[in-house]
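**Q** sequence and predicted structure are below.
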Amino acid sequence: MPGYRKYTQEGRFNGEKVSFNHFIDQDQFGDVAMAAYSAAVKDLPRLDIFGIGIGGSILSEIAKVGNALYFGGCDKNVYCVSEQGELLWKFQTHGLNVSPTVNNGRIYIGSFDENFYCLNTKGKLLWKFGTNGPIASKPCVFDDKICFGSKDGNVYCLSEDGRLVWKFGTHGPITQDPVFHKGLIYMGSDDSVLYVLDAQSGQLVRKIMSNGAFGTPVIANDIIYVGCFDKNFYAFTLDGRELWRYGHSSVIGTRRPLFHNNVVFGCSRDGNVYGITTSGKLYKKYITKELLWCTPVTDSKNLYFGSPDYNFYAFDIETGNLVWKFPIKGLIASTATLDNGILYFGGWDSHLYAITTSGELVWKFKLSMSTPAAIEPEEELVAAMQSQVVWEPEVVKEEKREKPGEADIADYGTFSGTYIDTTKSDYLGRKKKGYKTG
């Protein structure tokens, strides 16, 4: 049926599995899929972000360095956009791309095509390194080394020229980000362990155990604050001793908490952001409608974050009251960057947004694909769901990737210049002090 896509809704009737086929306008399929997916994964032991297809959506965090914004797209491109919203370059990979880290003139980014890429700030490929699984981990950089995790269950450490320094095997897929602190790497795995590794050798220093997968921790004043899928938010000493836990009916702060003024802010699957003091007490609750995935950002006055309910929010950090909300035409799973009074974040509606801290649009940038990325649970999670939505994507020819542990410095990938006819920016200049019009 032209212009439409089919999905299958599965359920049980009198103990038997039944399916219902429907056709839905494909312009809306990403939103419908997300609604069903959100309900299905709400109480699962981990947030499985690997079941995301190709489309013009942004899952990535936005990295701003100088006057350039770097991010990964679900349309197989890594983007560099100016702070005025104009495309500077894009680099094509073979899969969905996640959050980059920019350091010393290089962009490090993982992809669902199972490769880890190193680009320079002109969009030229310097090298790529192959793993055995999709990469959803934002890398950390320390001592001229780069560390990240893969769905193949390994933590990788590479040199600046793409050579393997060490790898450490866990017993589960890794969706979280490594954290470097005082010579050690802290990395959560879906095997319910927070691993503490020697950053130089990759040797295990200690394990911190729980009854669920740990999220990405934040370390402040030598205390580890981390959410867990056992529905506790923890504080540990650096030697792994538990100081306290904040128990809740839903998981809190598994993506990465924000530490600000001795309060840890974490998004929750119950649709709220919770502020928890360093003594383990509730400071404030910031209420939205849908389960949240992003890391909040703050200017000390307001707390800012996006939601799958199609809104980007600003809450008064002290009172917890809603200050404003900025609606878009899709869910928001991208962690924002705040710089000089401008918030930059990606939407599932194929746009990168720049808005002021008062909630006014400065510009929006359109990705190369208008159709949003489909979302569907992976096979191992289907059994845990009572119902699901499964989209039937177009068949994509399997792309070549590098062999595990192999860096290729000869393949320079695809590079597009400044002027790309198929990718346009909608610049809405405002005649206000500090903003250019044009």
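**A** Structure's in. What do you need? Residues are numbered from 1 along each chain as shown.

**Q** burial count for the spatially closest residue to Arg206 that is not a sequence neighbour?
**A** Leaving aside its sequence neighbours, Arg206 sits nearest to Val196 (CB to CB, 6 or more residues apart in numbering; 4.7 Å). Heads up, the C-betas are built off the backbone N, CA and C, glycines and all. By the criterion of other CB atoms under 10 Å, Val196 has 20 neighbours.

**Q** what of the one 10 residues further on?
**A** For Arg206, the number of neighbouring residues by other CB under 10 Å comes to 13.

**Q** wait, what's in contact with it?
**A** Neighbouring residues of Arg206 by CB atoms under 8 Å, 6 or more residues apart in numbering: 196, 239-240.

**Q** and for Pro239, the neighbour number?
**A** Slight slip there: residue 239 is Asp, not Pro. Neighbour count for Asp239, taken as other CB under 10 Å: 11.

**Q** next one: it from Phe168, what distance?
**A** 19 Å (CB to CB, to the nearest Å).

**Q** just Val81 next, same as before
**A** Distance of Val81 to Phe168, given as CB to CB: 35 Å.

**Q** who's more crowded, these two?
**A** The neighbour count for Val81 versus Phe168, taken as other CB under 10 Å, is higher for Val81 (24 against 21).

**Q** which element is that one on?
**A** According to DSSP states H and E, Val81 maps onto strand 77-82.

**Q** just checking, Lys231 touches Arg245?
**A** No - counting by CB atoms under 8 Å, Lys231 stays clear of Arg245, with 9.8 Å between them.

**Q** the residue nearest to Arg206: what's it in contact with?
**A** 184-186, 204-208, 240 are the contacts of Val196 under CB under 8 Å, 6+ apart.

**Q** which of the three states applies to the nearest residue to Gly95 once chain neighbours are set aside?
**A** Leaving out its chain neighbours, the residue that sits closest to Gly95 by CB to CB, 6+ apart is Asp113, at 3.2 Å. Asp113 falls in the coil class when you classify it by DSSP: H, G, I helix; E, B strand; the rest coil.

**Q** so how far is Lys76 from Asp113?
**A** Noted for Asp113: a distance of 8 Å to Lys76, by CB to CB.

**Q** what do the two both touch?
**A** Listed as contacting both Asp113 and Lys76 by CB under 8 Å, 6+ apart are 93-95.

**Q** out of the residues you listed, grab the one that's most surrounded.
**A** Of all the shared contacts of Asp113 and Lys76, Thr93 has the most neighbours under the rule other CB under 10 Å, reaching 24 neighbours.

**Q** quickly find the element holding the nearest residue to Asn115 once chain neighbours are set aside.
**A** Excluding the flanking residues, the one nearest Asn115 by CB to CB, 6+ apart is Lys128, at 4.7 Å. Lys128 belongs to strand 125-130 when elements are defined using DSSP H and E.

**Q** where along the stretch 201-350 of the chain do the helices fall?
**A** Counting by DSSP state H, counting those that start in this stretch, no segments of the stretch 201-350 of the chain form helices.

**Q** low pLDDT regions in it?
**A** 291 (pLDDT under 70).

**Q** repeat that for 90
**A** 229, 248-256, 267-271, 287-294, 308-309 (pLDDT under 90).

**Q** thought Leu282 was touching Gly275?
**A** Yes - between Leu282 and Gly275 there is a contact under CB under 8 Å: 7.3 Å.

**Q** which one of these two has more residues nearby?
**A** Each of Leu282 and Gly275 has its neighbours counted (other CB under 10 Å); Gly275 has more, 24 against 11.

**Q** just give the nearest non-adjacent residue to that one, would you?
**A** What sits nearest to Gly275 in space, not counting adjacent residues and going by CB to CB, 6+ apart, is Tyr283, at 3.7 Å.

**Q** around Phe315, how many other residues sit close by?
**A** Phe315 has 25 neighbours, counted by other CB under 10 Å.

**Q** partners of it in the sheet?
**A** For Phe315, the beta-bridge partners under DSSP bridges are Leu303, Leu322.
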